[in-house]
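Asker: from the sequence below, what's the structure:
(one chain, ligands or ions: 1)
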Amino acid sequence: MAPARNGVKLGCDIDVRLDVPRAGPHLLGFSQRCESPMSDTTLIPCPSCGATNRVPRTKLAQGLQPVCGQCKQRLPTAVAATTPLTVTDATFAVDVERSPLPVLVDAWAPWCGPCRMIAPAIEELAAELAGKVRIAKLNVDENPQTASRFAVRSIPTMLVMVGGREVDRIVGAQPKDAIRQRLERAVAQARGQ
Ligand SMILES: [Zn+2]
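Answerer: Numbering: from 1, shown residues only. Here you go, the predicted structure:
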């Protein structure tokens, strides 16, 4: 355990609980992968014991559930995990390819009508699938490197990424339920292998 400083726990002694559907909850070794206590962190007060926990933002962005370093209760992080995550050429490797959760990457552009049409569905899926699948958005105009690497030829294209691998892609605007069904099937298949 890192020493508490004025009641503030350093981020590197925080256990992180990741809820994986079917596999059940288990602990991830957050501590080992914590490069520096000075990395970009956010302070979350524990509703149970009042301790202030320092939590790396990158872990929250990945949809991980942090627990209190003192009493091990879950910390409230709703905002971080229920809205789509914006990813870029620079953050794709960390936020998508190394994500512990499956990721649906919505490749879009502001000028694309069908992309705007499915945007509300993408937002809703982020809330509905919080903690199960991370929903991300990639602006292909601003991030041509990733768009070209995945050969995104028309938008919207939704990449289904599991364990750093593309396991499926959904091309074109579709109703929310159709996106969700295909996404869940692809994730289940990838996990079953
Ligand atoms: Zn606590």
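
Asker: from here on, just use CA atoms for contacts and neighbour counts.
Answerer: OK.

Asker: what about the helices in the protein?
Answerer: In chain order, the chain shows helices spanning 57-61, 78-81, 92, 113-128, 144-149, 176-192, with DSSP state H as the criterion.

Asker: domain map for this structure?
Answerer: Residue ranges for the structural domains of the chain, counted by automatic domain parsing, are given in the record as 8-79, 82-192.

Asker: let me know the pLDDT of the residue nearest the centre of the chain.
Answerer: Among the residues of the chain, Q62 comes closest to the average C-alpha position under C-alpha atoms, centre = their mean, at 3.2 Å. At Q62, the pLDDT value in this model is 75.

Asker: pretty sure it contacts R134?
Answerer: Yes - with contact defined as C-alpha atoms under 8 Å, Q62 reaches R134; the gap is 7.0 Å.

Asker: circling back to that earlier point, dump the helices of the chain to TSV, plus mean neighbour count.
Answerer: Compiled in TSV, the helices of the chain are given as follows (neighbours: other C-alpha atoms under 10 Å):
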stretch	mean neighbour count
helix 57-61	18
helix 78-81	16
helix 92	18
helix 113-128	17
helix 144-149	15
helix 176-192	15
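
Asker: ranking those helices by mean pLDDT, which is last?
Answerer: helix 78-81 - the lowest mean pLDDT of the helices of the chain, at a mean of 51.

Asker: picking up where we left off before, how about the contacts made by the residue nearest to the centre of the chain?
Answerer: Contacts for Q62 were tallied using C-alpha atoms under 8 Å, 6 or more residues apart in numbering; they are 81, 95, 99-101, 134.

Asker: any idea how far it lies from L138?
Answerer: Counting by C-alpha to C-alpha, to the nearest Å, the gap between Q62 and L138 amounts to 15 Å.

Asker: which residues of the protein lie near the ion?
Answerer: By the rule C-alpha under 5 Å from the ion, the part of the chain lying against the ion is 46, 49, 68, 70-71.

Asker: just the strands from this structure, written as ranges.
Answerer: Assigned by DSSP state E, the strands in the chain fall at 8-9, 16-20, 24-28, 41-45, 52-56, 65-66, 85-87, 103-108, 134-139, 157-162, 165-171.

Asker: would you mind finding the most buried of those?
Answerer: Ranked by mean neighbour count under mean count of other C-alpha atoms under 10 Å, those are led by strand 103-108, which reaches a mean of 27.

Asker: which helices and strands does it pack with?
Answerer: The contact analysis (3 or more C-alpha pairs under 8 Å, 6 or more residues apart in numbering; DSSP states H and E) places strand 103-108 against strand 134-139, strand 157-162.

Asker: how about C115: what's its closest non-neighbour residue?
Answerer: Closest residue to C115 in three dimensions, ignoring its sequence neighbours and counting by C-alpha to C-alpha, 6 or more residues apart in numbering: P156, at 5.3 Å.
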